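Q: sequence and computational prediction follow.
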Amino acid sequence: MRYPRAGEGKFKKSSGSAPAAVLREGKDITIVTYGTSVNDVLAAARELESGGVSVEVIKLNVLNPLDCTAVFASLRKTGILLAVEEAAAAGCVGERILARCAENGIVLRATALLNLGSGILTHGTVSELSAMCGLDAKSIAAKARMLTGIIKESAV
């Protein structure tokens with residue numbers, strides 16, 4: 001998606017110079033994102049926390065080369081990955097993270113990739129397009145609930 005000027009959202013803090021930064025610590029699910037998606041991910045994390053789901057949010061500062069050190073540390077703790085990005089599905093960062101997990105023997109209990117898919121986007125406002133693609137806070141929270149619910153149900 002293309003944004004008009006000043007479309008970066010509320011999150012404007014520095015996340016440092018490391019390849020990735022943990023913006024929020026959690027134990028139930030890891031949500032990895034970058035760019036302006038961080039705003040909706042943090043909003044979803046706040047919503048999930050109020051419902052008892054502890055969310056670790058990792059913001060990638062560097063996409064290429066992809067350093068997965070912080071992501072791997074988080075995934076070893078939570079076992080669940082939700083990658084959120086405003087990019088086409090083919091070759092997305094989420095796919096690259098999953099491939100790196102496989103290469104490094106990191107077995108995940110549940111995963112989902114939220115991205116723009118493979119189709120062509122229609123016209124609309126940023127909020128309309130985000131909701132349509134499932135990249136708004138409400139959709140992110142719903143997907144995270146579904147992923148963490150799978151684990152709770154299977155553990156019974």
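A: Yes, it's here.
Q: from here on, just use CA atoms for contacts and neighbour counts.
A: Fine.
Q: for the nearest residue to Ser127 once chain neighbours are set aside, give me its contacts.
A: In space, Ser127 comes closest to Asp136 once its chain neighbours are excluded; the distance is 7.4 Å by CA to CA, 6 or more residues apart in numbering. Shown in contact with Asp136 (CA atoms under 8 Å, 6 or more residues apart in numbering): Asp40, Val41, Ser127, Ser130.
Q: ditto for Leu23
A: Ser15, Glu56, Val57, Ile58, Lys59.
Q: what's the closest of the residues you listed to Phe72?
A: Closest to Phe72 out of the contacts of Leu23 is Ile58 (10.7 Å), distances taken as CA to CA.
Q: what about the closest one, which SS state?
A: Counting by DSSP: H, G, I helix; E, B strand; the rest coil, the backbone at Ile58 sits in strand.
Q: check contacts around it.
A: For Ile58, the contact set (CA under 8 Å, 6+ apart) comprises Ala20, Ala21, Val22, Leu23, Arg24, Thr30, Ile31, Val32, Thr33, Ala70, Val71.
Q: same question for Val22.
A: By CA under 8 Å, 6+ apart, the contact set of Val22 is Glu56, Val57, Ile58, Lys59, Ala70.
Q: Met146: neighbouring residues, count only.
A: When neighbours are defined as other CA atoms under 10 Å, Met146 has 14 of them.
Q: do the one 3 residues further on as well
A: Under the neighbour criterion other CA under 10 Å, Gly149 is assigned a count of 13.
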